[in-house]
Every structure is written in C-alpha cells, then in structure tokens.
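[1] Sequence plus the predicted model coming up.
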Amino acid sequence: MQDVVMIGVKRPSDRAWEIENYLDELKMLCENVDLRGKFRLVQKREQPDPALFVGRGMVEKIHNLVVNESLKAVIFDDELSPSQQRNLEKLIPVPVYDRTFVILSIFLERAKTKEAKAQVDLARLKYEYPRLKRMWSHLHRQAGGTGIRGGEGEKQLEVDRRIARRRMQRLEKTLAKFEQGRNTRKKARSQDIINIALVGYTNAGKSTLMNQLTKANVEADDRLFVTLDATSRLWSVDPVMKIVLSDTVGFIRKLPHDLVASFQSTLTEVQDADLLFHVMEASHPHLDELKKTVEGVIDSLLDEPIPTVLVFNKIDNLSKMELKSLKREYPDALFVSALDRIGLDDMREFVRRRFHHRLRQVQLFMPNEAMGQFYRLNDFGQITNTHHLENGMRVHFRGFSERLDALLREVPELQLMEKGKPAPVGESV
C-alpha cells in the first residue's frame, strides 16, 4: 500500500466527530484501492477557498508533510473542482485526488457485468471530462477504429474532448438499450408477484442477508461496494406468495452525483418495489447519520414514497441491553443476524402478514366433467382441502385475487361456492 494524507474541512455547521467519522470512512475507502491513509489534516473554514479549497497555509503544511514523510498522494474528503485540483498540483509534488475519485476507482474495480462497467465508465468520464488529466493515452485506446484525426493546428486538448464526448454518447446509447430490455421484461411480469428491495448503507450486510433468505450466492464480504449489479431471486415465504427479493448497490455519504445518475436505471428494483427493507448495521455508532444518507438517496430516486421497514442486521454484535434499547427506540423495526440466521423467520412472517390482504380463500365447485382440469389448479394457487360431492368436487382454494380471476377464465367450468352450493362467478366466500 502507498501512504497518503487525507484532508478534511470543518465548516461552522459541522460537528467535530462528523469530520473524524468522514475521514475514518475515507481511510476505509482508500484501503480498497491500496492506499493507506497514514495522516489526516483538518482545517476549520467558513467556506472552501475557491482556488485551493483550503488556505495557503494549509497547502504549505500539506507540502511539507508530503516531502518529509515521502507520501505518494493527497486525498481530499470533498470533491474538488477541476481548477482547484490543478492549482493544488502546481504547489504539491504528488497527485491530488478527492473522495469522488476514490469511490469511482473502487466501482471500476468491482464492476463485473457489461451494464455495471458501462455505468461506472460513464460516471468516470463525466468526472474526468472537465479535468482531462493524463487522459490522452487511454482515450486513444478506447477510441479504437473511430477514425478520429486531429486536424492541422488542432490542440490535443480538443482531440481529448472529442474522444471523450463520443465515448460518453456510445455509453449512454448502450445503457439506454439495457433499460429498454429491462422495461420489456417488467411489462411481461406476472401481476401476482410481490417485489421487495434490500437497500442500505454499504457494508450493512445486505448481500449476506440476501444469501440466507434466498440461497442466491451473491458475493458478500467486508469490502465496500462488492454488489454493484442488482440481483433478484425468488424468496419462499408462503406456498402461494411469489416474492422477488432484490439486493441493490450500497449507498455512502457524499456519493458522487454522476454515479447515482448512471446507476439510476439499475435501481429500478427500488423504484418498482412494493416494499423496501432498509438494512442497517445495528452496532454502528452513528445510525441516524447513515439512515439519513440512505433516505436522501432513496428520495432522489422516487417520485412517490414506498413503504419502508427498518431491518437492523448484525444484532449478534450487541449486548442484551443494547438490543433492548434499540427495540424500544424502533418498535416497528425487524432485528436480525444474517450471519447467525437469527430473526429470518420473523422477516418471513412479517411479509406474510403485510401482503395477506392480496390473497383470497374461496371454495370452488368443480363438476365431474371438468375433473381433467384439476391438475391446473396448482398453477394458480394452493389447494388446501377437497371434498367429493355427488356431481363433482368442492375445492378449498387459496391464491392471489388476480390469479383466481385468471383461473376462472381459464377453466370456465369452475364455480365459486357459498355454503357448499354453487354461486355466480365473481362472488367470493
């Protein structure tokens, strides 16, 4: 790992512990790209300096620390403007980066599917475009056979910009195709499926929880942003209910705007959900801050609010008193340990109760001449009991309203019954 210094700025509205917490998080982010945050410096300012973000005295202090400790880079916890970054690098003899650069670097490393790679690449290009720092060589590799030629007298910078603009246009078209395919699949979905999305701060344990509930085999470890592509799997909570559970990318404070915008199409699992499980690390010292961060990102994605339930994960890290206090503070939340499989049955029972109103329990009359269709009933719901009659069979049936209506259309010989007698189609028991 290369040693770096991390820089924070404390504004009047900031609390001291917040800045330290941000820098702790930045240190963790840096470790994911082989940078060790060995030193940290914080400057109190009313507002960032337009030219250098920090004051000249702080720049001199950074310079001396870099030289004396042989540091390899300077990382700011806030996003720098292109001009601030250029000005700082004129005064400091090592590269100067910011939190956005570090997060984008992690996403670039973790992206696996074509869509995730395109999303991250687009966000990176939007970040680099106004900077165009050391882009010349890799832009030309990406340009491939585009036939771009710099005319006589044309500046290299303008060639860079043309290559970058064309690359961004291609990526936007690629992502539009992915979104079109997703919309087509969405229209084809059955109406009797309930969609639930796991959302939360990065490293809250969503992927581990997903694996335990659905056997999805989603990669899960302590690194940040392991999950970049939304993964959806069927979750068995009831013989009738079809639950599709989706694991989504984790959020983080100061998440780059262009990154959120690029991943907006992937996050349709959030926008289309019937319910959100907001997963939180129960033992985190600053739960309220993380909760607000996730809620802020979710609000930016949704036109209308979606019912949300807090799920406190990793309760195995709490003492009995701490858990009791947390339950008292959040009486409507769910409390689980995905690793130890604690509370998972409570989650299933919660879902069953939550969506019970969408199910109907009815009695159907199937005449003898229609018995050949009996096997089809299981495709539309659950047979809970049967009773043979002289001219047919009484079937106790449980299923979604939409599926029951479809069954009655598919097998018109069936009739709804009331008190054991055939009733007009359309009435329920």
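    Right, received. Where do you want to start? Residues are numbered from 1 along each chain as shown.
[2] Could you use CA atoms for every contact and neighbour count after this?
    Fine.
[3] ok, Ile315 - how many residues close by?
    For Ile315, the count of nearby residues is 22 (other Cα atoms under 10 Å).
[4] wouldn't it be in contact with Val336 here?
    Yes. Ile315 sits in contact with Val336 when judged by Cα atoms under 8 Å, with a separation of 6.0 Å.
[5] Can you give me the distance of Val411 to Phe397?
    Noted for Val411: a distance of 14 Å to Phe397, by Cα to Cα, to the nearest Å.
[6] which of those two has more neighbours?
    Between Val411 and Phe397, Phe397 has the larger neighbour count (other Cα under 10 Å), namely 20 against 15.
[7] For the more buried one, list each beta-bridge partner.
    Val362, Ile383 (DSSP bridges).
[8] for Asp247, same thing?
    Leu198, Thr231.
[9] Just list what the one helix or strand Ala118 maps to packs against, helices and strands only.
    Using DSSP states H and E, Ala118 sits in helix 114-128. The elements that helix 114-128 packs onto, with contact taken as 3 or more Cα pairs under 8 Å, 6 or more residues apart in numbering; DSSP states H and E, are helix 99-110, helix 156-188, helix 257-262.
[10] So this structure: which segments form each domain?
    Split into domains by automatic domain parsing, the chain comes to 2-104, 111-187, 191-354, 358-422.
[11] Show me what the mean pLDDT comes to for the longest one.
    Domain 191-354 shows a mean pLDDT of 84 in the predicted model.
[12] what about the closest residue to Arg99 other than its chain neighbours, neighbour count?
    Distances taken as Cα to Cα, 6 or more residues apart in numbering place Asp77 nearest to Arg99, at 5.0 Å, with adjacent residues excluded. A count of nearby residues for Asp77, using other Cα under 10 Å, gives 23.
[13] Can you tell me how far Asp77 is from Arg15?
    From Asp77 over to Arg15 (counting by Cα to Cα), the distance is 15 Å.
[14] looking at this, Phe277 is in a helix?
    No. Using DSSP: H, G, I helix; E, B strand; the rest coil, the secondary structure at Phe277 is strand, not a helix.
[15] for it, what are its contacts?
    Ile196, Ala197, Leu198, Val199, Thr308, Val309, Leu310, Val311 (Cα atoms under 8 Å, 6 or more residues apart in numbering).
[16] nearest to Leu234, of the helices and strands packed on helix 114-128?
    helix 156-188 (15.4 Å; Cα to Cα).
[17] and His387, what element?
    His387 belongs to strand 382-389 when assigned by DSSP H and E.
[18] who's in contact with that strand?
    Contacts with strand 382-389, where a contact means Cα under 8 Å, 6+ apart, come from Pro239, Val240, Leu377, Met393, Arg394, Val395, His396, Phe397, Arg398, Gly399.
[19] Would you enumerate the residues in contact with Leu245?
    If you count contacts by Cα under 8 Å, 6+ apart, Leu245 has them with Asn195, Ile196, Ala197, Leu198, Met210, Thr214, Ser232, Arg233, Leu234, Trp235.
[20] Which of those residues fall in helices?
    Per DSSP state H, helices hold the following members of the contacts of Leu245: Met210, Thr214.
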